[in-house]
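**Q** Predicted model and sequence follow; I will ask about them next.
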Amino acid sequence: MSFTGERKGRLIVFEGIDGTGKSTHIGQLRKYLEGKGLEVVQSFEPTRGPWGRMLRDSAVTGRLSVEDEVELFLKDRREHVETLIAPALARGAWVLLDRYYLSMMAYQGARGVDTSVIRAANEEFAPVPDAVVWLDIPVSVALERIGSRGERDAFETEAGLTACRNVFASIHEPWMLRVDADAGKEEVAARVRKALSGNFPEVISE
Ligand SMILES: Nc1ncnc2c1ncn2[C@@H]1O[C@H](COP(=O)(O)OP(=O)(O)OP(=O)(O)O)[C@@H](O)[C@H]1O
Ligand SMILES: Cc1cn([C@H]2C[C@H](O)[C@@H](COP(=O)(O)O)O2)c(=O)[nH]c1=O
(Lines give C-alpha, C1' and ligand atoms only; values in the text may rest on other atoms or scores of the structure.)
(Ligands and ions follow the chains in the order given, each with its own letter.)
Protein backbone atom coordinates (compact mmCIF):
# COMPACT_ATOMS: atom_id res chain seq x y z
CA MET A 1 0.00 0.00 0.00
CA SER A 2 1.24 3.56 -0.58
CA PHE A 3 0.03 7.15 -0.29
CA THR A 4 -3.04 7.65 -2.52
CA GLY A 5 -3.88 11.28 -1.75
CA GLU A 6 -4.25 13.92 -4.45
CA ARG A 7 -0.96 15.60 -5.38
CA LYS A 8 -1.52 18.93 -7.10
CA GLY A 9 1.41 20.35 -5.15
CA ARG A 10 5.06 19.34 -4.68
CA LEU A 11 6.89 17.88 -1.68
CA ILE A 12 10.50 19.00 -1.21
CA VAL A 13 12.44 17.70 1.79
CA PHE A 14 15.69 18.99 3.28
CA GLU A 15 17.81 16.29 4.85
CA GLY A 16 21.27 15.95 6.36
CA ILE A 17 23.00 15.41 9.67
CA ASP A 18 22.68 18.00 12.41
CA GLY A 19 24.24 21.37 11.64
CA THR A 20 24.31 21.12 7.84
CA GLY A 21 22.13 24.18 7.21
CA LYS A 22 18.68 22.64 6.62
CA SER A 23 16.79 25.34 8.54
CA THR A 24 18.89 28.06 6.90
CA HIS A 25 18.31 26.90 3.34
CA ILE A 26 14.68 25.82 3.63
CA GLY A 27 14.01 29.46 4.53
CA GLN A 28 15.92 30.69 1.47
CA LEU A 29 13.95 28.37 -0.83
CA ARG A 30 10.66 29.41 0.76
CA LYS A 31 11.39 33.09 -0.02
CA TYR A 32 12.35 32.14 -3.60
CA LEU A 33 9.16 30.15 -4.22
CA GLU A 34 6.88 32.73 -2.58
CA GLY A 35 8.53 35.30 -4.83
CA LYS A 36 7.19 33.22 -7.73
CA GLY A 37 3.67 33.60 -6.30
CA LEU A 38 3.42 30.01 -5.09
CA GLU A 39 1.71 28.87 -1.87
CA VAL A 40 4.43 27.42 0.37
CA VAL A 41 3.78 25.33 3.48
CA GLN A 42 6.90 24.89 5.63
CA SER A 43 7.17 22.32 8.40
CA PHE A 44 9.58 20.08 10.23
CA GLU A 45 9.93 16.72 11.94
CA PRO A 46 9.71 15.79 14.72
CA THR A 47 6.69 18.10 14.90
CA ARG A 48 5.38 20.07 17.88
CA GLY A 49 2.63 17.46 18.32
CA PRO A 50 2.46 15.22 21.42
CA TRP A 51 4.76 12.53 20.04
CA GLY A 52 7.16 15.00 18.48
CA ARG A 53 7.51 16.80 21.79
CA MET A 54 8.30 13.53 23.59
CA LEU A 55 11.04 12.89 21.03
CA ARG A 56 12.52 16.38 21.33
CA ASP A 57 12.48 16.06 25.13
CA SER A 58 14.45 12.83 24.81
CA ALA A 59 17.22 14.67 22.96
CA VAL A 60 17.90 16.46 26.27
CA THR A 61 16.84 13.90 28.88
CA GLY A 62 18.44 10.93 27.11
CA ARG A 63 17.49 8.89 24.06
CA LEU A 64 14.61 6.43 24.23
CA SER A 65 15.01 2.81 23.16
CA VAL A 66 15.20 2.50 19.39
CA GLU A 67 11.89 0.62 19.44
CA ASP A 68 10.23 3.53 21.23
CA GLU A 69 11.83 6.03 18.84
CA VAL A 70 10.47 4.08 15.83
CA GLU A 71 6.98 3.93 17.33
CA LEU A 72 6.90 7.63 18.21
CA PHE A 73 8.39 8.88 14.92
CA LEU A 74 5.84 6.82 12.95
CA LYS A 75 2.96 8.18 15.07
CA ASP A 76 4.28 11.73 14.70
CA ARG A 77 4.66 11.34 10.94
CA ARG A 78 1.21 9.79 10.44
CA GLU A 79 -0.35 12.78 12.21
CA HIS A 80 1.86 15.15 10.19
CA VAL A 81 0.77 13.56 6.87
CA GLU A 82 -2.92 13.51 7.81
CA THR A 83 -3.20 17.00 9.27
CA LEU A 84 -0.73 19.06 7.23
CA ILE A 85 1.16 17.40 4.36
CA ALA A 86 -1.69 15.63 2.51
CA PRO A 87 -4.14 18.57 2.66
CA ALA A 88 -1.46 20.98 1.45
CA LEU A 89 -0.45 18.74 -1.48
CA ALA A 90 -4.11 18.27 -2.40
CA ARG A 91 -4.68 22.03 -2.73
CA GLY A 92 -1.54 22.56 -4.79
CA ALA A 93 0.88 23.99 -2.22
CA TRP A 94 4.64 23.48 -2.31
CA VAL A 95 5.42 21.66 0.94
CA LEU A 96 8.94 22.18 2.31
CA LEU A 97 9.99 19.85 5.13
CA ASP A 98 12.96 20.13 7.45
CA ARG A 99 13.50 16.37 7.86
CA TYR A 100 11.18 13.47 6.96
CA TYR A 101 11.42 9.68 6.86
CA LEU A 102 14.89 9.75 5.28
CA SER A 103 16.11 10.99 8.69
CA MET A 104 14.44 7.96 10.24
CA MET A 105 16.37 5.71 7.86
CA ALA A 106 19.55 7.53 8.91
CA TYR A 107 19.13 7.97 12.67
CA GLN A 108 17.21 4.81 13.58
CA GLY A 109 19.11 2.93 10.88
CA ALA A 110 22.33 4.00 12.62
CA ARG A 111 20.95 2.28 15.73
CA GLY A 112 20.56 -1.03 13.89
CA VAL A 113 17.09 -0.96 12.37
CA ASP A 114 17.01 -2.23 8.75
CA THR A 115 16.71 0.88 6.56
CA SER A 116 14.60 -0.92 3.92
CA VAL A 117 12.13 -1.93 6.64
CA ILE A 118 12.02 1.70 7.85
CA ARG A 119 11.47 2.96 4.30
CA ALA A 120 8.68 0.46 3.57
CA ALA A 121 6.89 1.19 6.85
CA ASN A 122 6.88 4.93 6.08
CA GLU A 123 5.97 4.68 2.40
CA GLU A 124 2.83 2.71 3.35
CA PHE A 125 1.27 6.04 4.34
CA ALA A 126 3.70 8.89 3.67
CA PRO A 127 4.03 10.43 0.19
CA VAL A 128 7.38 9.85 -1.48
CA PRO A 129 9.10 13.24 -1.87
CA ASP A 130 9.28 14.93 -5.28
CA ALA A 131 12.82 15.93 -4.27
CA VAL A 132 15.15 15.54 -1.29
CA VAL A 133 17.89 18.16 -0.92
CA TRP A 134 20.59 16.29 0.99
CA LEU A 135 22.91 18.95 2.45
CA ASP A 136 26.22 17.16 2.92
CA ILE A 137 29.17 18.38 4.96
CA PRO A 138 31.99 16.53 6.75
CA VAL A 139 30.95 15.38 10.24
CA SER A 140 33.85 17.42 11.69
CA VAL A 141 32.41 20.62 10.20
CA ALA A 142 28.93 19.74 11.47
CA LEU A 143 30.28 19.20 14.98
CA GLU A 144 32.05 22.58 14.88
CA ARG A 145 28.80 24.30 13.90
CA ILE A 146 26.79 22.41 16.53
CA GLY A 147 29.45 23.24 19.13
CA SER A 148 29.21 26.94 18.32
CA ARG A 149 25.48 26.77 19.08
CA GLY A 150 25.96 25.31 22.56
CA GLU A 151 25.70 21.86 24.09
CA ARG A 152 25.35 18.84 21.79
CA ASP A 153 22.16 16.82 22.34
CA ALA A 154 21.85 13.04 22.64
CA PHE A 155 21.46 12.59 18.86
CA GLU A 156 24.65 14.50 18.07
CA THR A 157 27.59 12.13 18.62
CA GLU A 158 30.48 11.86 16.16
CA ALA A 159 30.04 8.11 15.66
CA GLY A 160 26.27 8.45 15.32
CA LEU A 161 26.45 11.32 12.83
CA THR A 162 29.03 9.45 10.76
CA ALA A 163 26.73 6.43 10.57
CA CYS A 164 23.80 8.71 9.68
CA ARG A 165 25.76 10.38 6.89
CA ASN A 166 26.63 6.96 5.47
CA VAL A 167 22.93 6.06 5.30
CA PHE A 168 22.08 9.28 3.44
CA ALA A 169 24.93 8.47 1.02
CA SER A 170 23.45 5.01 0.42
CA ILE A 171 20.09 6.30 -0.85
CA HIS A 172 20.17 6.35 -4.66
CA GLU A 173 17.00 7.75 -6.23
CA PRO A 174 16.36 10.36 -8.96
CA TRP A 175 14.79 12.57 -6.28
CA MET A 176 17.78 12.30 -3.87
CA LEU A 177 19.86 15.39 -4.68
CA ARG A 178 23.23 15.68 -2.91
CA VAL A 179 24.42 19.26 -2.38
CA ASP A 180 27.94 19.91 -1.09
CA ALA A 181 27.05 22.33 1.70
CA ASP A 182 30.62 23.00 2.89
CA ALA A 183 30.73 26.54 1.51
CA GLY A 184 29.35 30.00 2.30
CA LYS A 185 25.59 30.41 2.76
CA GLU A 186 25.02 32.27 -0.51
CA GLU A 187 27.04 29.71 -2.50
CA VAL A 188 25.13 26.84 -0.90
CA ALA A 189 21.80 28.55 -1.65
CA ALA A 190 22.85 28.79 -5.32
CA ARG A 191 23.86 25.12 -5.31
CA VAL A 192 20.45 24.18 -3.86
CA ARG A 193 18.62 26.07 -6.63
CA LYS A 194 20.90 24.53 -9.27
CA ALA A 195 20.18 21.03 -7.94
CA LEU A 196 16.40 21.63 -7.87
CA SER A 197 16.33 23.32 -11.29
CA GLY A 198 16.88 19.91 -12.90
CA ASN A 199 13.70 18.50 -11.30
CA PHE A 200 11.53 21.64 -11.53
CA PRO A 201 12.82 23.58 -14.57
CA GLU A 202 9.43 25.28 -15.01
CA VAL A 203 9.68 26.94 -11.60
CA ILE A 204 13.26 26.92 -10.29
CA SER A 205 16.16 28.33 -12.29
CA GLU A 206 19.85 28.45 -11.33
N1 LIG B 1 26.96 27.54 4.72
C2 LIG B 1 27.19 27.76 6.03
N3 LIG B 1 28.40 28.14 6.45
C4 LIG B 1 28.64 28.35 7.78
N5 LIG B 1 27.72 28.22 8.75
C6 LIG B 1 26.49 27.84 8.36
C7 LIG B 1 26.14 27.59 7.00
N8 LIG B 1 24.83 27.24 6.93
C9 LIG B 1 24.38 27.26 8.21
N10 LIG B 1 25.36 27.64 9.06
C11 LIG B 1 25.28 27.76 10.52
O12 LIG B 1 25.33 26.46 11.04
C13 LIG B 1 24.42 26.32 12.16
C14 LIG B 1 23.38 25.27 11.81
O15 LIG B 1 22.54 25.79 10.77
P16 LIG B 1 21.03 25.23 10.66
O17 LIG B 1 20.35 25.38 12.00
O18 LIG B 1 20.40 25.86 9.46
O19 LIG B 1 21.34 23.70 10.40
P20 LIG B 1 20.36 22.47 10.57
O21 LIG B 1 20.77 21.47 9.56
O22 LIG B 1 18.93 22.91 10.54
O23 LIG B 1 20.74 21.99 12.02
P24 LIG B 1 19.93 20.94 12.98
O25 LIG B 1 19.58 19.76 12.17
O26 LIG B 1 20.90 20.67 14.07
O27 LIG B 1 18.71 21.72 13.45
C28 LIG B 1 23.80 27.71 12.36
O29 LIG B 1 24.56 28.40 13.34
C30 LIG B 1 23.97 28.38 11.00
O31 LIG B 1 24.06 29.79 11.08
C1 LIG C 1 12.59 13.15 11.51
C2 LIG C 1 13.58 12.41 12.40
C3 LIG C 1 14.51 13.09 13.16
N4 LIG C 1 15.37 12.39 13.94
C5 LIG C 1 16.36 13.12 14.78
C6 LIG C 1 17.39 13.88 13.99
C7 LIG C 1 17.72 15.06 14.86
O8 LIG C 1 18.83 14.78 15.67
C9 LIG C 1 16.48 15.24 15.71
C10 LIG C 1 15.71 16.49 15.29
O11 LIG C 1 16.46 17.55 15.63
P12 LIG C 1 16.53 18.89 14.72
O13 LIG C 1 17.77 19.53 15.24
O14 LIG C 1 15.29 19.66 15.04
O15 LIG C 1 16.59 18.52 13.27
O16 LIG C 1 15.66 14.12 15.54
C17 LIG C 1 15.35 11.00 14.03
O18 LIG C 1 16.14 10.38 14.79
N19 LIG C 1 14.44 10.33 13.26
C20 LIG C 1 13.53 10.97 12.45
O21 LIG C 1 12.68 10.30 11.78
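**A** Ah, there it is. Ligands and ions are numbered 1, 2, ... in the order given.
**Q** Point to the residue nearest the middle of this structure.
**A** What sits nearest the mean C-alpha location of the chain, by CA atoms, centre = their mean, is residue 99, with 2.0 Å.
**Q** and the gap between the closest residue to that residue other than its chain neighbours and ligand 1?
**A** Among residues not flanking residue 99 along the chain, residue 45 sits closest, at 4.6 Å (CB to CB, 6 or more residues apart in numbering). For glycine as for every other residue, the C-beta is placed from the backbone atoms N, C-alpha and C. Separation of residue 45 from ligand 1 (CB to the nearest ligand atom, to the nearest Å) stands at 11 Å.
**Q** low pLDDT regions in the chain?
**A** Judged by pLDDT under 70, the chain has no weakly predicted residues.
**Q** Quick one: the strands in it, in order.
**A** For the chain, the strands defined by DSSP state E cover 10-15, 40-44, 94-98, 131-136, 176-180.
**Q** Show me what the third one is in contact with.
**A** The contact list for strand 94-98 (CB atoms under 8 Å, 6 or more residues apart in numbering) reads 9-14, 22-23, 26, 29-30, 33, 38-45, 84-85, 88-89, 129.
**Q** repeat that for 6 Å
**A** The contact list for strand 94-98, computed with CB atoms under 6 Å, 6 or more residues apart in numbering, reads 9-14, 22-23, 26, 30, 33, 38, 40-44, 85, 88.
**Q** go on, the first one?
**A** Here strand 10-15 makes contact (CB under 6 Å, 6+ apart) with 22, 26, 94-98, 100, 102, 127, 129-134.
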